[in-house]
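> Sequence and predicted structure are below.
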Amino acid sequence: MTREDKRTVHGYRIIHSMIIGSQEIFLGEKQTECLDKRYLCAYDDLDHLDKGCEVVAIGDYLEMLERYTKRIQGEINTLRDAEQKLGGPNAPIPADHCLLDDRTKSILGKFVVLKAEVFRPEYQRANEQICYVTGGSGAKANPKEKVLLVKNVCGGRAAQFERSEVQGLVNMSCLPEWAQKAVKKFRKKEIVKKGVAR
């Protein structure tokens, strides 16, 4: 029996689930229900607030399967729209396009490129990799601990990674034009914030 066989949402056993974009989407079955209420389509936002699953609908199999696939397609469309707004290529940044992360030096306040493989497949893109280091014991020179606190340059989201997940430092000359603009815009915002804080 797999882990998937044991999971339930609102009493429905999960028979299919997919994590994509900002959601986990579920198709569940409750065999004790009549045919027109046997299946459930639900989703859970992956915002770490644990609000629980939102039920989209309950109905027969084909109807719920259609809702399930539409919800997946909606997340795909959201991801595509975000990519198009960048205005340029968004392939993962290869290691040879980065400057070496010399672990004998601090990377606090530096722009880094995270390894693409630390992200789920739909997020293995340059706009997710480029981050600004805001803190963590792993940001120090010769770090004994791993924690690295960063802000995503394109979305501004704060996140935690490990120093070993850093591919290298940003090499501006190897970034696509949209990414260079994003780094410069982020840098200006940080300068303004530091000026206001003084």
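Thanks, I have it.

> Would you map the helices across this structure?
Assigned by DSSP state H, the helices in the chain fall at 3-6, 61-86, 126-129, 177-197.

> Relative to residue 96, which of those helices is closest?
The minimum distance between residue 96 and the helices of the chain falls on helix 126-129, with 14.1 Å, by Cβ to Cβ. Yep, even glycine has a C-beta here, placed from its N, CA and C like the rest.

> From the contact counts, what lies against the closest one?
helix 61-86, strand 111-114, helix 177-197 (3 or more Cβ pairs under 8 Å, 6 or more residues apart in numbering; DSSP states H and E).

> Per-residue pLDDT of the residue in the chain sticking out farthest from the centre, please?
In the chain, the residue that sits farthest from the middle, by Cα atoms, centre = their mean, is residue 34; the gap is 38.3 Å. Reported pLDDT at residue 34 in the predicted model: 89.

> just residue 155 next, same as before
Model confidence at residue 155 (pLDDT) stands at 87.

> Excluding sequence neighbours, find me the nearest residue to it.
Counting by Cβ to Cβ, 6 or more residues apart in numbering, the nearest residue to residue 155 once its immediate chain neighbours are dropped is residue 127, at 7.7 Å.

> if I pick the one you found, what's in contact with it?
Counting by Cβ atoms under 8 Å, 6 or more residues apart in numbering, residue 127 touches 82, 83, 86, 90, 152, 153, 154, 155, 179, 182.

> try residue 98
113, 167, 168, 169, 170, 171, 174.

> And the residue lying closest to the fourth one once chain neighbours are set aside, how far from residue 181?
Of all residues beyond its chain neighbours, the one nearest residue 169 is residue 99 (4.1 Å), with distances taken as Cβ to Cβ, 6+ apart. Residue 99 sits 19 Å away from residue 181, taking Cβ to Cβ, to the nearest Å as the criterion.

> go on, residue 175?
Residue 175 is 9 Å from residue 181, by Cβ to Cβ.

> okay, those two: which has more neighbours?
Legend: neighbour count by other Cβ atoms under 10 Å for residue 175 and residue 181, higher for residue 175 (21 against 14).

> Just send the helices and strands packed on helix 126-129 back as JSON lines, with mean pLDDT and distance to residue 38 too.
Shown next, in JSON lines, are these (pLDDT from 0 to 100; distance: least, Cβ to Cβ, whole Å):
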{"stretch": "helix 61-86", "mean pLDDT": "93", "distance to residue 38": "7"}
{"stretch": "strand 111-114", "mean pLDDT": "98", "distance to residue 38": "43"}
{"stretch": "helix 177-197", "mean pLDDT": "83", "distance to residue 38": "48"}
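
> Include distance to residue 147 when you put these into a markdown table, please.
What follows is these, written out as a markdown table (distance: least, Cβ to Cβ, whole Å):
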| stretch | distance to residue 147 |
| --- | --- |
| helix 61-86 | 28 |
| strand 111-114 | 14 |
| helix 177-197 | 20 |
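
> Alright, I will stop here.
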